[in-house]
Structure formats: C-alpha cells, structure tokens
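1. sequence and predicted structure are below.
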Amino acid sequence: MTNRHTKHQYTNAIATPHARRYSRGGPSGSRLKLPSALAGLRQNRRAVSAENAPLSASIPSSEQRVAVITALAANVAIAIAKFSAAAITGSSAMLAESLHSLADSVNEILLLVGARRSRRPADLRHPFGHARYRYVYAFLVSLTVFWVGGVLAVIEGVSHFAAGEPLADPRWAFAVLGVAAILEGWSLRTTIRSGRPAKGALSWWRLLQLTKAPEIIVVFLEDLGALIGICIALLGVSVATVTGESAWDAVAAIAIGVLLMTIGLVVNRETQSLLIGESAAVEVVTAIRRAIASTDGVEAVVDLRTIHVGPDDLVVAAGIMVDPSETAIGINRAIVDAKARVRRVAPFRTVVYLEPRAREAASKGASESSAGIERTDQPRQASDG
C-alpha cells in the first residue's frame with residue numbers, strides 16, 4: 001500500500017499538464033519523448049528528490065554512550081586522586097597526569113553535549129539535521145587534549161626540571177597510579193567491547209581512520225593514552241625515588257605532555273576530515289553504484305558522489321543515463337526504484353538525489369553511420385586488391 005501510494009505521489013509530481021497531454025495520445029501512443037520528460041522532471045525536482053520521511057539527527061548508539069559515560073566516571077575519580085597525590089608528593093609527573101585526567105573528563109563532557117545537540121531535528125536552516133555537532137565537539141576535544149593536557153604538562157615539567165624540587169613520600173603516587181591503571185584498563189575494556197562490532201576484521205588503527213563515529217576515535221585514544229601516561233609517570237617516579245634525582249620526574253612530565261600533544265594532533269586530523277565531509281566507505285559506494293545500475297530503466301551511473309553529514313546520515317547524488325525514448329512515468333519509476341535499492345544496501349539514513357540524463361542520440365547515430373561506412377568500404381578495398 002505504501003509503495004503504491006509513493007508511486008502515485010511521484011507520478012503526480014512529474015506529470016505536468018504538458019506531459020499528461022502528450023502521454024494520452026499522439027502518433028507514438030503513450031510515449032513521451034525525453035526532452036519533454038526531462039523538462040517536467042526539472043520543474044518538479046524538489047518533489048522528485050525530496051525524501052518521504054524527515055531526516056532526523058544522528059544519535060550515538062547505546063554502546064558508544066556507555067563507553068563515554070564509563071570513561072567520564074573513571075577520569076573524574078582518577079583526576080581527584082591524582083591531584084591529591086600530586087599535592088602530597090610534589091611530583092611533576094603526577095601533576096601532569098592530573099592535567100591529563102582533567103582534560104579527559106572535560107572531553108567526555110564535550111562529547112555528551114555534542115551528542116545531545118546532534119539530536120535536534122532538521123529545520124529550514126539545517127535541512128540535513130544537526131548530526132555534525134558530534135564532529136564539531138570532537139574537534140574541540142582535540143584542542144582540549146593538546147592545550148590543557150599536553151602544553152600545560154610540558155610547561156609543568158620544564159618548571160619542575162628548573163626548580164629541582166625533591167619528591168615527598170612517593171608511596172602515595174604509586175598507590176594512586178596503581179588504582180588509576182585499574183580504572184583506565186576497565187574503561188579501555190568497555191571502549192573495545194563497544195567498538196568491536198564496527199571493527200570486524202580491521203585493525204584498530206585502520207578503524208580509527210575509517211570510522212565515521214568520533215566517539216570511538218576520542219575515547220579509544222584517550223584510554224590508550226591514559227594507560228601509556230600512567231606507565232610513563234610510574235617509571236619517572238620510580239627512577240626519581242631510586243636515584244634521588246627529581247629531574248627524572250620532570251622528564252616524565254614532559255614526556256606525558258608530548259604524548260598528549262600527539263594524541264591531540266591525531267584526533268584533530270581525523271575529526272577535521274569528518275567535519276569537512278567524508279565520502280562513504282569504498283564498499284558502500286560500490287554497493288550503491290551496483291544497486292542503481294541494476295535498476296530497470298537505468299543504462300549507466302555517472303558522477304556518483306556521497307558525503308556523510310553525520311556518522312549515521314549519508315547523502316547520495318548521481319546522474320543516471322536513461323533511454324531517450326522513455327516516458328516520464330517510466331523515468332520516474334526507475335528513479336523511485338533506484339532510490340529504494342540504495343536505501344536497502346546503505347546502512348545509514350540516506351538521502352538520494354538522482355538526475356536523469358539522455359544518451360546523445362545524434363552522436364550515437366553518427367558513430368553508427370561511420371561504422372557502417374567502414375564496414376562497406378572494407379570489402380571494396382579487398383575486391384580491388
């Protein structure tokens with residue numbers, strides 16, 4: 001019933017009075033030549049290309065939301081413990097790790113705010129919804145990691161190196177770093193479990209390059225960086241305690257800062273690419289092309305382009321070559337069928353724009369006539385010889 005109603009709606013959209021007049025009679029029966037059909041389609045492009053269902057904003061999956069909330073809870077608890085240990089021990093590495101956990105906590109809050117704002121429905125100014133808010137806030141996360149976590153940690157390490165202040169009671173630092181390692185490991189485990197369905201057979205690095213979900217990029221790199229930072233801090237405090245040289249503690253703080261700056265640059269690069277607009281994965285584009293090309297009435301697919309306007313929202317635009325003698329109703333039927341096929345193969349909320357294009361009948365006839373001349377000339381040359 002829905003398909004019948006949809007076809008009727010699209011047929012009425014393109015069946016202009018001019019098209020209806022020529023489709024009812026004439027020497028060619030009910031055939032409407034392509035120039036008139038394309039004119040009707042262009043006049044009603046909005047009706048042909050618009051989607052039946054409104055485009056809703058992209059909402060993070062429950063697994064991704066759980067991973068972000070888990071990381072937030074762990075980082076808040078760890079930040080409080082690290083700041084306390086840094087105040088007691090005077091360790092520069094512990095203070096750098098405290099800034100690390102503080103930056104991570106702010107980042108998780110930014111991700112949750114971005115996810116909430118992305119749920120706003122589409123409106124006249126934002127016809128494709130607000131799903132890109134997730135990309136915007138993930139980009140802000142990269143700046144937070146770089147400046148709050150990385151740059152401040154390097155500044156603290158350099159200041160401590162110049163001052164040469166000794167550590168006081170490093171046992172607090174060891175205890176807090178041990179608890180932090182357990183909590184960060186738990187958070188990383190949750191992130192890995194939530195990203196496993198999307199990962200499949202890919203490596204984690206390849207997944208970070210291909211995924212359209214910024215939460216996976218941010219939380220995974222944060223948790224992995226947190227464990228590496230804890231190991232660096234533990235090594236620096238241990239060497240400083242054994243040797244009595246506080247410079248090792250300062251070196252650890254600088255190393256943690258460089259680590260965070262590196263993570264910030266990686267997140268910045270990946271989220272920048274998403275924010276500008278990435279195409280769908282190669283496999284998805286191939287499946288879309290095959291779906292359109294396999295539609296009855298479509299002779300070829302040209303200028304196929306895709307762009308993600310959100311992790312779960314995809315826009316598809318393509319030109320389709322159609323028979324010049326096809327009727328407007330036949331062309332419209334092919335467009336509707338092709339759109340339905342695309343939505344079946346694309347695992348996203350998909351907006352599809354298809355533009356019918358005519359084969360060059362004149363050039364085709366010229367090529368056929370020239371080919372006929374060549375075929376008739378060849379036997380003559382053979383007989384003359």
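-> Thanks, I have the structure now.

2. for this structure, what spans make up the strands?
-> Under the criterion DSSP state E, the chain contains strands at 300-310, 313-322, 349-358.

3. Throw those into JSON lines and include mean neighbour count, distance to residue 144 and mean pLDDT, thanks.
-> Heads up, the C-betas are built off the backbone N, CA and C, glycines and all. Below are the strands of the chain laid out as JSON lines (neighbours: other C-beta atoms under 10 Å; distance: least, C-beta to C-beta, whole Å; pLDDT from 0 to 100):
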{"stretch": "strand 300-310", "mean neighbour count": "17", "distance to residue 144": "22", "mean pLDDT": "94"}
{"stretch": "strand 313-322", "mean neighbour count": "21", "distance to residue 144": "26", "mean pLDDT": "95"}
{"stretch": "strand 349-358", "mean neighbour count": "20", "distance to residue 144": "30", "mean pLDDT": "93"}
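
4. any chance of TSV for the ones you listed, columns distance to residue 215?
-> Formatted as TSV, the strands of the chain follow (distance: least, C-beta to C-beta, whole Å):
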stretch	distance to residue 215
strand 300-310	12
strand 313-322	15
strand 349-358	18
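
5. what's the neighbour count on residue 80?
-> For residue 80, the number of neighbouring residues by other C-beta atoms under 10 Å comes to 15.

6. same deal with the one 5 residues further on?
-> Burial measure for residue 85: 27 neighbouring residues, criterion other C-beta under 10 Å.

7. touching, it and residue 96? I think so.
-> No: using C-beta atoms under 8 Å, residue 85 is not in contact with residue 96, being 12.0 Å away.

8. can you tell me how far residue 185 sits from residue 230?
-> Going from residue 185 to residue 230 by C-beta to C-beta, to the nearest Å gives 9 Å.

9. what about these two, which has more around it?
-> residue 230 (25 against 15).

10. contacting residues for the more buried one?
-> Listed by C-beta atoms under 8 Å, 6 or more residues apart in numbering, the contact set of residue 230 reads 97, 177, 180-181, 184.

11. most surrounded residue in those?
-> residue 97 (35 neighbours).

12. contact partners for that one?
-> Going by C-beta under 8 Å, 6+ apart, residue 97 touches 82, 86, 177, 180, 229-230, 233, 256.

13. likewise residue 254?
-> 153-154, 157-158, 161.

14. report the buried members of those residues.
-> The neighbour count (16 or more other C-beta atoms under 10 Å) marks 153-154, 157, 161 as buried among the contacts of residue 254.

15. number of residues surrounding the nearest residue to residue 202 once chain neighbours are set aside?
-> The shortest distance from residue 202 to any non-neighbouring residue, by C-beta to C-beta, 6 or more residues apart in numbering, is to residue 210 (7.0 Å). Residue 210 has 14 neighbours, counted by other C-beta under 10 Å.

16. distance check, residue 210 against residue 278.
-> According to C-beta to C-beta, residue 210 stands 9 Å off from residue 278.

17. now swap in residue 269 and tell me
-> Taking C-beta to C-beta, one finds residue 269 at 12 Å from residue 278.

18. neighbour-wise, which of those two wins?
-> Remark: of residue 269 and residue 278, residue 278 carries more neighbours, 15 against 12, as counted by other C-beta under 10 Å.

19. quick one: contacts for that one?
-> Per C-beta under 8 Å, 6+ apart, neighbours of residue 278: 212, 307-308.

20. what's the answer for residue 186, then?
-> 70, 74.

21. equivalent analysis for the one 4 residues further on, please.
-> Residues in contact with residue 190 (C-beta under 8 Å, 6+ apart) are 66-67, 70-71.

22. please report how far it lies from residue 79.
-> 18 Å.

23. next one: residue 287
-> To residue 79, residue 287 is 45 Å away according to C-beta to C-beta.

24. more neighbours: these two, which one.
-> Per other C-beta under 10 Å, whichever of residue 287 and residue 79 has more neighbours is residue 79, with 21 against 18.

25. if we can go back for a sec, can you tell me which of the contacts of residue 278 is closest to residue 108?
-> For the contacts of residue 278, the closest approach to residue 108 (C-beta to C-beta) belongs to residue 212, at 19.6 Å.

26. if I look at the closest one, how far off is residue 110?
-> 18 Å.

27. hang on, the earlier thing: out of the buried ones among the contacts of residue 254, which one sits closest to residue 295?
-> When the buried ones among the contacts of residue 254 are compared for distance to residue 295 (C-beta to C-beta), residue 153 wins out at 56.8 Å.

28. what about stretch 109-125, start to end distance?
-> With C-alpha to C-alpha, to the nearest Å applied, stretch 109-125 spans 27 Å between its terminal residues.

29. quick one: buried residues of it?
-> By neighbour count on 16+ other C-beta under 10 Å, the buried set for stretch 109-125 is 109-112, 114-115, 117-119, 122.

30. stretch 278-296 too?
-> For stretch 278-296, by 16+ other C-beta under 10 Å, it's 280, 284-285, 287-289, 291-293, 295.

31. can you pull the domain assignment for the protein?
-> 2-50+281-384, 62-276 (automatic domain parsing).

32. which of those domains is buried the deepest?
-> Each of these was assessed for mean neighbour count using mean count of other C-beta atoms under 10 Å. The highest is domain 62-276, with a mean of 20.

33. mean confidence score for it?
-> For domain 62-276, mean pLDDT rounds to 91.

34. just the endpoints, please. Distance across that domain?
-> 26 Å.

35. so how far is that domain from its chain's centroid?
-> Its chain's C-alpha centre and that of domain 62-276 lie 21 Å apart, by C-alpha atoms, centre = their mean, to the nearest Å.

36. now, which of the contacts of residue 190 lie within helices?
-> 66-67, 70-71 (DSSP state H).

37. among the residues you listed, which one lies nearest to residue 324?
-> residue 67 (54.0 Å).
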